[in-house]
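*Asks:* Structural data only, the sequence is not supplied:
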Ligand SMILES: Nc1ncnc2c1ncn2[C@@H]1O[C@H](COP(=O)(O)OP(=O)(O)O)[C@@H](O)[C@H]1O
Ligand SMILES: N[C@@H](CCC(=O)OP(=O)(O)O)C(=O)O
């Protein structure tokens with residue numbers, strides 16, 4: 001851990017291509033006073049600069065409840081869950097409207113994505129959310145993500161968009177997760193309560209001593225405090241994503257981070273992205289089925305680093321759903337890869353040996369041309 005300003009900071013976000021940027025309620029609503037148009041304009045400007053430089057950016061924005069409370073004319077945040085949900089539904093309108101207009105002024109289209117933690121836990125929804133987000137990013141559209149507060153209760157109680165941002169970073173395997181908040185970063189203790197607290201410049205994400213430093217929210221508008229940010233950084237590191245916690249009003253913070261400047265607290269991921277993905281597949285998911293592929297497909301997967309297309313599939317064993325993990329076997333039976341399958345077993349049987357152009361005609365719908373996309377595939381024993 002590096003708390004001394006004199007010690008050189010060794011990690012940076014230079015070269016990061018895919019970014020998730022999260023902003024907290026107190027910043028977005030100027031401490032609950034109402035949507036801060038200037039701040040949102042500033043971040044939009046910075047996002048436009050990143051995209052201009054070839055980056056992809058997902059925005060995760062809190063502030064719906066705080067804005068809804070203001071729009072409904074309530075003097076303070078309610079405690080009842082239905083009232084919080086109602087406030088979020090009202091405030092979300094203003095929130096996305098403001099992002100849309102500010103991004104549009106900078107020539108960028110935006111999209112609203114409302115997610116719950118449960119959406120990421122369900123493998124089919126996980127694949128759908130991933131496909132939607134990656135498609136938007138390919139089109140240079142900026143997804144603006146928030147929790148789907150209408151349908152969740154636990155998430156409202158913990159109010160945890162720090163974690164949601166990390167889940168999105170896992171989902172799209174972001175290079176960088178930037179959490180913008182009302183402090184310059186992590187201190188060894190809550191600086192609002194302890195004036196002697198030292199600034200933490202960098203540390204490896206997931207180190208247990210970081211959790212001991214982090215306290216709860218410092219304002220009545222924010223919810224998670226530093227602890228959820230530290231835990232979110234640990235989670236992001238699981239997919240090889242490094243996290244920076246920085247002050248949201250730091251001038252030009254995002255482009256400066258992209259240029260490699262040391263701003264805020266850098267919580268770096270110890271494992272590289274590709275290795276992290278392999279580990280995740282190996283550890284977290286149970287095999288639900290098996291398919292055999294022909295020699296041509298084996299070559300494409302093992303040496304070519306390509307996706308698996310239905311045309312190379314010769315046999316489908318077991319019952320599985322879209323999003324399940326299946327093993328891919330060579331004609332001799334040995335497992336060569338495993339990955340998240342885009343079609344259920346019954347559909348795989350119908351499209352096996354067929355060109356992808358026939359999927360829509362055979363199934364009545366076409367999710368993706370690949371049976372397993374190469375991003376969701378890990379070659380067994382390969383690099
Ligand atoms: N060790 C720490 N370092 C910095 N801030 C801390 C620490 N522990 C607790 N905090 C508090 O966390 C607050 C930021 O979290 P929160 O209010 O939830 O913001 P946001 O709305 O941006 O998520 C800070 O204002 C600060 O008072
Ligand atoms: N979905 C809620 C998010 C609450 C939340 O996590 O807030 P914060 O701790 O300020 O990031 C909202 O938009 O109000």
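*Replies:* Perfect, I can see it now. Values in this document were obtained by computation on a predicted structure and should not be read as measured data. Numbers count the residues shown, from 1 in each chain. Ligands and ions are numbered 1, 2, ... in the order given.
*Asks:* Relative to ligand 1, which residue of the stretch 1-150 of the chain is the closest?
*Replies:* Closest residue of the stretch 1-150 of the chain to ligand 1, CB to the nearest ligand atom: residue 24 (2.1 Å). Placement of C-beta: from N, CA and C, glycine included.
*Asks:* Return the residues in contact with that residue.
*Replies:* By CB atoms under 8 Å, 6 or more residues apart in numbering, the residues touching residue 24 are 62-63, 161, 179-182, 222, 248.
*Asks:* Could I get those in a markdown table, plus columns for distance to ligand 2 and secondary structure?
*Replies:* Output for the contacts of residue 24, formatted as a markdown table (distance: CB to the nearest ligand atom, whole Å; DSSP: H, G, I helix; E, B strand; the rest coil):
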| residue | distance to ligand 2 | secondary structure |
| --- | --- | --- |
| 62 | 3 | coil |
| 63 | 5 | coil |
| 161 | 3 | helix |
| 179 | 9 | strand |
| 180 | 10 | strand |
| 181 | 8 | strand |
| 182 | 9 | coil |
| 222 | 4 | coil |
| 248 | 11 | coil |
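*Asks:* Kindly indicate the member of these with the most neighbours.
*Replies:* Among these, residue 179 has the most neighbours (other CB atoms under 10 Å), with 32 neighbours.
*Asks:* with the contacts of residue 24 in mind, which one is nearest to ligand 1?
*Replies:* The closest of the contacts of residue 24, once distances to ligand 1 are taken by CB to the nearest ligand atom, is residue 222, at 2.2 Å.
*Asks:* Apart from its neighbours in sequence, what residue is nearest residue 137?
*Replies:* Once flanking residues are discounted, residue 137 sits nearest to residue 56: 4.1 Å by CB to CB, 6 or more residues apart in numbering.
*Asks:* can you pull the contacts of that neighbour?
*Replies:* 17-19, 137.
*Asks:* Looking at those, which are in helices?
*Replies:* residue 137 (DSSP state H).
*Asks:* In ChimeraX, how would I select just the buried ones from the contacts of residue 56?
*Replies:* Selection command for ChimeraX covering only the buried members of these, criterion 16 or more other CB atoms under 10 Å:
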select :18,19,137
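*Asks:* ok so, going back, who does the residue nearest to residue 137 form a beta bridge with?
*Replies:* residue 18 (DSSP bridges).
*Asks:* got it, and the one 4 residues further on?
*Replies:* Per DSSP bridges, the residues bridged to residue 60 are residue 22, residue 145.
*Asks:* That one against residue 133, yeah?
*Replies:* No: using CB atoms under 8 Å, residue 60 is not in contact with residue 133, being 11.3 Å away.
*Asks:* Name the SS class of the nearest residue to residue 90 once chain neighbours are set aside, please.
*Replies:* What sits nearest to residue 90 in space, not counting adjacent residues and going by CB to CB, 6+ apart, is residue 68, at 3.9 Å. Secondary structure, DSSP: H, G, I helix; E, B strand; the rest coil: residue 68 is helix.
*Asks:* Just list the residues touching the closest residue to ligand 2 within the stretch 251-383 of the chain, thanks.
*Replies:* The stretch 251-383 of the chain approaches ligand 2 most closely through residue 264 (16.1 Å), counting by CB to the nearest ligand atom. Residue 264 makes contact with 184-185, 244-247, 250, 253, 257 under the criterion CB under 8 Å, 6+ apart.
*Asks:* Thanks again, I'm all set now.
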